[in-house]
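1. attaching a predicted model along with its sequence, questions to come.
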Amino acid sequence: MASRRPGPREYFLATRPYSLLNSVSRALVGGAMGIAAAGLSPTTALILAMVVVGVAAFQASENLLNDYYDVRRGADAPGSPSTTLRAHSVYTLGLSLSQVRSFGLALLALGAALVAAATVALDRPLLPAFLAAGAALIAAYSGPVGLKYRGLGEVDVFAAAVLMVLGSYYTVAGRLSAAPALVGVPVGLLTASVALADDIRDLEWDRAHGVGTMAVRLGPAASRALYAAMVSLALALPPLIIWPWGLLVLSTAPLAALLVASVYGRGPVGPRRAVKARFYMTIAYSAALVAAIALGAARG
(Lines give C-alpha, C1' and ligand atoms only; values in the text may rest on other atoms or scores of the structure.)
Protein backbone atom coordinates (compact mmCIF):
# COMPACT_ATOMS: atom_id res chain seq x y z
CA MET A 1 0.00 0.00 0.00
CA ALA A 2 1.05 3.61 -0.49
CA SER A 3 2.57 5.10 2.63
CA ARG A 4 1.38 8.67 2.28
CA ARG A 5 -2.11 9.91 2.89
CA PRO A 6 -4.17 9.81 -0.34
CA GLY A 7 -5.12 13.16 -1.83
CA PRO A 8 -7.19 14.36 -4.80
CA ARG A 9 -4.85 12.70 -7.30
CA GLU A 10 -5.21 9.30 -5.65
CA TYR A 11 -8.98 9.64 -5.43
CA PHE A 12 -9.13 10.56 -9.11
CA LEU A 13 -6.93 7.64 -10.17
CA ALA A 14 -8.99 5.29 -8.03
CA THR A 15 -11.94 5.87 -10.35
CA ARG A 16 -9.87 4.30 -13.22
CA PRO A 17 -10.21 7.34 -15.50
CA TYR A 18 -9.42 5.46 -18.71
CA SER A 19 -12.36 3.11 -18.08
CA LEU A 20 -14.75 6.05 -17.66
CA LEU A 21 -14.33 6.76 -21.36
CA ASN A 22 -15.82 3.33 -21.97
CA SER A 23 -19.12 4.32 -20.36
CA VAL A 24 -19.02 7.76 -21.93
CA SER A 25 -18.71 6.12 -25.34
CA ARG A 26 -21.84 4.03 -24.70
CA ALA A 27 -23.72 7.15 -23.63
CA LEU A 28 -22.61 8.89 -26.81
CA VAL A 29 -23.96 6.03 -28.94
CA GLY A 30 -27.39 6.26 -27.27
CA GLY A 31 -27.23 10.05 -27.25
CA ALA A 32 -26.35 10.21 -30.94
CA MET A 33 -29.39 8.08 -31.71
CA GLY A 34 -31.47 10.39 -29.51
CA ILE A 35 -30.23 13.47 -31.37
CA ALA A 36 -30.92 11.74 -34.69
CA ALA A 37 -34.52 11.22 -33.51
CA ALA A 38 -35.11 14.59 -31.81
CA GLY A 39 -32.85 16.81 -33.85
CA LEU A 40 -29.58 18.55 -33.03
CA SER A 41 -30.05 21.73 -30.99
CA PRO A 42 -28.38 23.48 -28.06
CA THR A 43 -30.94 21.77 -25.79
CA THR A 44 -30.27 18.22 -26.98
CA ALA A 45 -26.50 18.86 -26.92
CA LEU A 46 -26.76 20.11 -23.31
CA ILE A 47 -28.85 17.10 -22.31
CA LEU A 48 -26.27 14.77 -23.83
CA ALA A 49 -23.51 16.54 -21.89
CA MET A 50 -25.46 15.98 -18.67
CA VAL A 51 -25.90 12.30 -19.58
CA VAL A 52 -22.15 11.95 -20.11
CA VAL A 53 -21.42 13.36 -16.64
CA GLY A 54 -24.02 11.08 -15.09
CA VAL A 55 -22.81 7.86 -16.68
CA ALA A 56 -19.20 8.72 -15.82
CA ALA A 57 -20.26 9.10 -12.17
CA PHE A 58 -22.06 5.74 -12.24
CA GLN A 59 -19.08 3.98 -13.86
CA ALA A 60 -16.65 5.49 -11.37
CA SER A 61 -18.92 4.38 -8.55
CA GLU A 62 -19.03 0.83 -9.91
CA ASN A 63 -15.24 0.73 -10.26
CA LEU A 64 -14.73 1.77 -6.65
CA LEU A 65 -17.38 -0.54 -5.22
CA ASN A 66 -15.95 -3.39 -7.28
CA ASP A 67 -12.54 -2.78 -5.67
CA TYR A 68 -14.21 -2.67 -2.25
CA TYR A 69 -15.98 -5.99 -2.63
CA ASP A 70 -13.04 -7.66 -4.40
CA VAL A 71 -10.82 -6.83 -1.44
CA ARG A 72 -13.49 -7.95 1.04
CA ARG A 73 -13.94 -11.28 -0.77
CA GLY A 74 -10.23 -11.92 -1.31
CA ALA A 75 -10.32 -11.56 -5.10
CA ASP A 76 -7.93 -8.59 -4.83
CA ALA A 77 -4.87 -8.95 -2.64
CA PRO A 78 -1.18 -8.05 -2.87
CA GLY A 79 0.24 -9.88 -5.87
CA SER A 80 -3.06 -10.37 -7.69
CA PRO A 81 -3.18 -9.29 -11.36
CA SER A 82 -5.59 -6.46 -10.55
CA THR A 83 -3.04 -4.94 -8.17
CA THR A 84 -0.01 -5.34 -10.45
CA LEU A 85 -1.46 -4.40 -13.86
CA ARG A 86 -3.29 -1.21 -12.84
CA ALA A 87 -3.39 1.38 -10.08
CA HIS A 88 -5.50 -0.26 -7.36
CA SER A 89 -7.46 2.03 -5.04
CA VAL A 90 -6.34 0.19 -1.91
CA TYR A 91 -3.07 -1.59 -2.66
CA THR A 92 -1.48 1.03 -4.93
CA LEU A 93 -3.13 4.35 -4.11
CA GLY A 94 -3.49 3.86 -0.37
CA LEU A 95 -7.20 4.46 0.18
CA SER A 96 -8.76 2.57 3.04
CA LEU A 97 -11.70 0.26 2.42
CA SER A 98 -14.03 2.71 4.14
CA GLN A 99 -12.74 5.55 1.96
CA VAL A 100 -13.25 3.48 -1.19
CA ARG A 101 -16.79 2.59 -0.17
CA SER A 102 -17.70 6.15 0.84
CA PHE A 103 -16.30 7.64 -2.35
CA GLY A 104 -18.11 5.04 -4.44
CA LEU A 105 -21.41 5.73 -2.72
CA ALA A 106 -20.92 9.50 -3.06
CA LEU A 107 -20.44 9.15 -6.82
CA LEU A 108 -23.50 6.92 -7.00
CA ALA A 109 -25.45 9.63 -5.18
CA LEU A 110 -24.16 12.24 -7.65
CA GLY A 111 -25.40 10.16 -10.57
CA ALA A 112 -28.75 9.64 -8.85
CA ALA A 113 -29.09 13.39 -8.22
CA LEU A 114 -28.52 14.11 -11.90
CA VAL A 115 -31.18 11.56 -12.81
CA ALA A 116 -33.61 13.15 -10.35
CA ALA A 117 -32.92 16.62 -11.79
CA ALA A 118 -33.40 15.37 -15.35
CA THR A 119 -36.64 13.62 -14.40
CA VAL A 120 -38.15 16.90 -13.22
CA ALA A 121 -36.50 19.42 -15.52
CA LEU A 122 -36.88 17.42 -18.73
CA ASP A 123 -40.14 15.64 -17.91
CA ARG A 124 -38.66 12.15 -18.25
CA PRO A 125 -40.92 10.07 -15.95
CA LEU A 126 -39.24 6.77 -16.83
CA LEU A 127 -35.77 7.86 -15.69
CA PRO A 128 -36.28 6.65 -12.09
CA ALA A 129 -36.95 3.17 -13.50
CA PHE A 130 -33.68 3.34 -15.43
CA LEU A 131 -31.93 4.50 -12.26
CA ALA A 132 -33.39 1.65 -10.22
CA ALA A 133 -32.39 -0.93 -12.82
CA GLY A 134 -28.89 0.52 -13.16
CA ALA A 135 -28.32 0.67 -9.40
CA ALA A 136 -29.53 -2.93 -9.09
CA LEU A 137 -27.05 -4.04 -11.74
CA ILE A 138 -24.20 -2.19 -10.00
CA ALA A 139 -25.10 -3.83 -6.68
CA ALA A 140 -25.55 -7.26 -8.24
CA TYR A 141 -22.21 -7.32 -10.03
CA SER A 142 -19.78 -7.53 -7.11
CA GLY A 143 -21.98 -6.40 -4.22
CA PRO A 144 -24.14 -8.52 -1.92
CA VAL A 145 -25.53 -10.65 -4.77
CA GLY A 146 -22.07 -11.09 -6.28
CA LEU A 147 -22.93 -12.21 -9.81
CA LYS A 148 -19.27 -11.75 -10.71
CA TYR A 149 -18.35 -14.49 -8.24
CA ARG A 150 -21.12 -16.79 -9.48
CA GLY A 151 -19.99 -16.85 -13.10
CA LEU A 152 -22.61 -14.33 -14.24
CA GLY A 153 -20.68 -11.07 -14.12
CA GLU A 154 -20.51 -10.76 -17.88
CA VAL A 155 -24.29 -11.14 -18.12
CA ASP A 156 -24.65 -8.24 -15.68
CA VAL A 157 -22.18 -6.11 -17.66
CA PHE A 158 -23.99 -6.86 -20.93
CA ALA A 159 -27.38 -5.87 -19.47
CA ALA A 160 -25.93 -2.67 -17.99
CA ALA A 161 -24.44 -1.65 -21.35
CA VAL A 162 -27.71 -2.16 -23.22
CA LEU A 163 -29.53 -0.25 -20.48
CA MET A 164 -27.04 2.62 -20.75
CA VAL A 165 -27.50 2.97 -24.51
CA LEU A 166 -31.29 2.84 -24.19
CA GLY A 167 -31.37 5.20 -21.19
CA SER A 168 -29.14 7.75 -22.93
CA TYR A 169 -31.40 7.65 -25.97
CA TYR A 170 -34.52 8.13 -23.84
CA THR A 171 -33.01 11.04 -21.90
CA VAL A 172 -32.09 12.92 -25.07
CA ALA A 173 -35.07 11.99 -27.27
CA GLY A 174 -37.75 11.89 -24.57
CA ARG A 175 -39.26 8.64 -25.84
CA LEU A 176 -38.46 4.95 -26.08
CA SER A 177 -37.63 2.99 -29.21
CA ALA A 178 -36.52 -0.53 -30.07
CA ALA A 179 -33.67 0.76 -32.26
CA PRO A 180 -31.27 1.83 -29.46
CA ALA A 181 -31.90 -1.42 -27.60
CA LEU A 182 -30.97 -3.29 -30.77
CA VAL A 183 -27.81 -1.22 -31.26
CA GLY A 184 -27.07 -1.80 -27.59
CA VAL A 185 -26.68 -5.55 -28.21
CA PRO A 186 -23.33 -5.41 -30.07
CA VAL A 187 -22.19 -2.59 -27.77
CA GLY A 188 -23.05 -4.79 -24.79
CA LEU A 189 -21.22 -7.78 -26.29
CA LEU A 190 -18.03 -5.76 -26.71
CA THR A 191 -18.36 -4.30 -23.21
CA ALA A 192 -18.92 -7.71 -21.63
CA SER A 193 -15.92 -9.07 -23.55
CA VAL A 194 -13.73 -6.61 -21.61
CA ALA A 195 -14.89 -8.15 -18.33
CA LEU A 196 -14.39 -11.67 -19.69
CA ALA A 197 -10.84 -10.87 -20.86
CA ASP A 198 -10.00 -9.62 -17.37
CA ASP A 199 -11.43 -12.81 -15.90
CA ILE A 200 -9.36 -14.91 -18.32
CA ARG A 201 -6.25 -12.97 -17.30
CA ASP A 202 -7.02 -13.54 -13.61
CA LEU A 203 -8.19 -17.15 -14.03
CA GLU A 204 -5.40 -18.93 -12.17
CA TRP A 205 -5.42 -16.44 -9.30
CA ASP A 206 -9.21 -16.54 -9.01
CA ARG A 207 -9.33 -20.34 -9.12
CA ALA A 208 -6.68 -20.59 -6.40
CA HIS A 209 -8.60 -18.15 -4.20
CA GLY A 210 -12.08 -19.61 -4.68
CA VAL A 211 -13.40 -16.83 -6.91
CA GLY A 212 -15.92 -18.43 -9.28
CA THR A 213 -15.85 -16.09 -12.28
CA MET A 214 -17.20 -17.14 -15.67
CA ALA A 215 -13.66 -17.91 -16.86
CA VAL A 216 -13.04 -20.15 -13.85
CA ARG A 217 -16.29 -22.03 -14.44
CA LEU A 218 -15.83 -22.42 -18.21
CA GLY A 219 -12.11 -23.07 -18.19
CA PRO A 220 -9.45 -21.33 -20.29
CA ALA A 221 -10.17 -22.87 -23.71
CA ALA A 222 -13.93 -22.26 -23.67
CA SER A 223 -13.48 -18.77 -22.20
CA ARG A 224 -11.06 -17.74 -24.94
CA ALA A 225 -13.40 -19.11 -27.61
CA LEU A 226 -16.31 -17.23 -26.05
CA TYR A 227 -14.27 -14.01 -25.98
CA ALA A 228 -13.40 -14.35 -29.67
CA ALA A 229 -17.07 -15.05 -30.50
CA MET A 230 -18.29 -12.00 -28.55
CA VAL A 231 -15.82 -9.67 -30.25
CA SER A 232 -16.63 -11.15 -33.67
CA LEU A 233 -20.37 -10.69 -33.15
CA ALA A 234 -19.83 -7.13 -31.95
CA LEU A 235 -18.15 -6.42 -35.29
CA ALA A 236 -20.62 -8.37 -37.43
CA LEU A 237 -23.92 -7.02 -36.09
CA PRO A 238 -23.70 -3.23 -36.72
CA PRO A 239 -23.57 -3.56 -40.53
CA LEU A 240 -26.77 -5.61 -40.32
CA ILE A 241 -28.48 -3.12 -37.98
CA ILE A 242 -27.29 0.13 -39.63
CA TRP A 243 -26.73 -0.71 -43.28
CA PRO A 244 -24.49 0.34 -44.94
CA TRP A 245 -22.93 2.82 -42.52
CA GLY A 246 -22.47 0.18 -39.83
CA LEU A 247 -19.63 -1.14 -41.96
CA LEU A 248 -17.55 1.64 -40.40
CA VAL A 249 -17.08 -0.46 -37.25
CA LEU A 250 -15.00 -2.88 -39.30
CA SER A 251 -12.28 -0.24 -39.21
CA THR A 252 -11.60 -1.44 -35.65
CA ALA A 253 -11.12 -5.07 -36.76
CA PRO A 254 -7.29 -4.91 -36.75
CA LEU A 255 -7.26 -3.79 -33.10
CA ALA A 256 -9.87 -6.43 -32.28
CA ALA A 257 -7.65 -9.09 -33.85
CA LEU A 258 -4.71 -7.97 -31.71
CA LEU A 259 -6.83 -8.19 -28.57
CA VAL A 260 -8.11 -11.67 -29.44
CA ALA A 261 -4.52 -12.76 -30.04
CA SER A 262 -3.51 -11.29 -26.66
CA VAL A 263 -6.13 -13.42 -24.89
CA TYR A 264 -4.48 -16.47 -26.47
CA GLY A 265 -1.09 -15.23 -25.28
CA ARG A 266 0.09 -14.23 -28.74
CA GLY A 267 0.91 -11.01 -30.57
CA PRO A 268 2.58 -7.77 -29.46
CA VAL A 269 -0.03 -6.71 -26.89
CA GLY A 270 1.02 -7.98 -23.46
CA PRO A 271 -1.20 -8.23 -20.34
CA ARG A 272 -0.43 -4.73 -19.05
CA ARG A 273 -1.02 -2.98 -22.37
CA ALA A 274 -4.10 -5.08 -23.06
CA VAL A 275 -5.89 -3.70 -19.97
CA LYS A 276 -6.12 -0.23 -21.50
CA ALA A 277 -6.15 -1.37 -25.13
CA ARG A 278 -9.49 -3.12 -24.57
CA PHE A 279 -11.02 0.14 -23.39
CA TYR A 280 -9.49 2.01 -26.32
CA MET A 281 -11.08 -0.58 -28.59
CA THR A 282 -14.54 0.17 -27.19
CA ILE A 283 -13.94 3.91 -27.62
CA ALA A 284 -12.87 3.54 -31.27
CA TYR A 285 -15.74 1.14 -31.89
CA SER A 286 -18.29 3.52 -30.36
CA ALA A 287 -16.86 6.45 -32.34
CA ALA A 288 -17.39 4.45 -35.54
CA LEU A 289 -20.95 3.67 -34.44
CA VAL A 290 -21.67 7.34 -33.71
CA ALA A 291 -20.37 8.23 -37.17
CA ALA A 292 -22.58 5.53 -38.71
CA ILE A 293 -25.61 6.87 -36.83
CA ALA A 294 -24.88 10.45 -37.90
CA LEU A 295 -24.40 9.48 -41.55
CA GLY A 296 -27.56 7.41 -41.53
CA ALA A 297 -29.54 10.33 -40.10
CA ALA A 298 -28.02 12.80 -42.57
CA ARG A 299 -28.91 10.59 -45.54
CA GLY A 300 -32.44 10.03 -44.22
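-> The structure has been received and is ready for your questions. Residues are numbered from 1 along each chain as shown.
2. going forward, measure contacts and count neighbours with C-alpha atoms only.
-> Fine.
3. how far does stretch 159-176 sit from its chain's centre?
-> Between the centre of stretch 159-176 and the centre of its host chain there is 14 Å, according to Cα atoms, centre = their mean, to the nearest Å.
4. now do the buried residues in it.
-> 159-174 (16 or more other Cα atoms under 10 Å).
5. which one of the residues you listed is nearest Val275?
-> Closest to Val275 out of the buried residues of stretch 159-176 is Ala161 (18.7 Å), distances taken as Cα to Cα.
6. now the closest one: how far from Ala57?
-> 15 Å (Cα to Cα, to the nearest Å).
7. what's the answer for Gly104, then?
-> 9 Å.
8. swap in Leu190?
-> 21 Å.
9. these two: which has the busier surroundings?
-> A direct count of neighbours by other Cα atoms under 10 Å for Leu190 and Ala57 places Leu190 higher, at 29 against 25.
10. burial measure for Ile47, as a count.
-> With other Cα under 10 Å as criterion, Ile47 counts 19.
11. what's near enough to touch it?
-> By Cα atoms under 8 Å, 6 or more residues apart in numbering, the contact list for Ile47 reads Thr171, Val172.
12. secondary structure element holding it?
-> Here Ile47 sits within helix 42-73, counting by DSSP states H and E.
13. helices - which of the buried residues of stretch 159-176 land there?
-> Under the assignment DSSP state H, these contribute 159-173 to helices.
14. which one among the buried residues of stretch 159-176 gets closest to Leu259?
-> Closest to Leu259, out of all of the buried residues of stretch 159-176 and judged by Cα to Cα, is Ala161, at 20.1 Å.
15. how far is the worst-scoring helix or strand of the chain on mean pLDDT from where the chain is centred?
-> Least confident helix or strand, the chain: helix 81-84 with a mean of 88, by mean pLDDT, DSSP states H and E. Using Cα atoms, centre = their mean, the distance from the centre of helix 81-84 to the centre of the chain it belongs to is 19 Å.
16. show the average pLDDT along whatever helix or strand comes next after that helix.
-> Tracing the chain past helix 81-84, the next element assigned as helix or strand by DSSP H and E is helix 97-121. The pLDDT scores in helix 97-121 average 95.
17. and the helix or strand following helix 97-121, what does it pack against?
-> Later in the chain than helix 97-121, the nearest helix or strand by DSSP H and E is helix 127-142. For helix 127-142, the packing partners by 3 or more Cα pairs under 8 Å, 6 or more residues apart in numbering; DSSP states H and E come out as helix 42-73, helix 97-121, helix 153-173.
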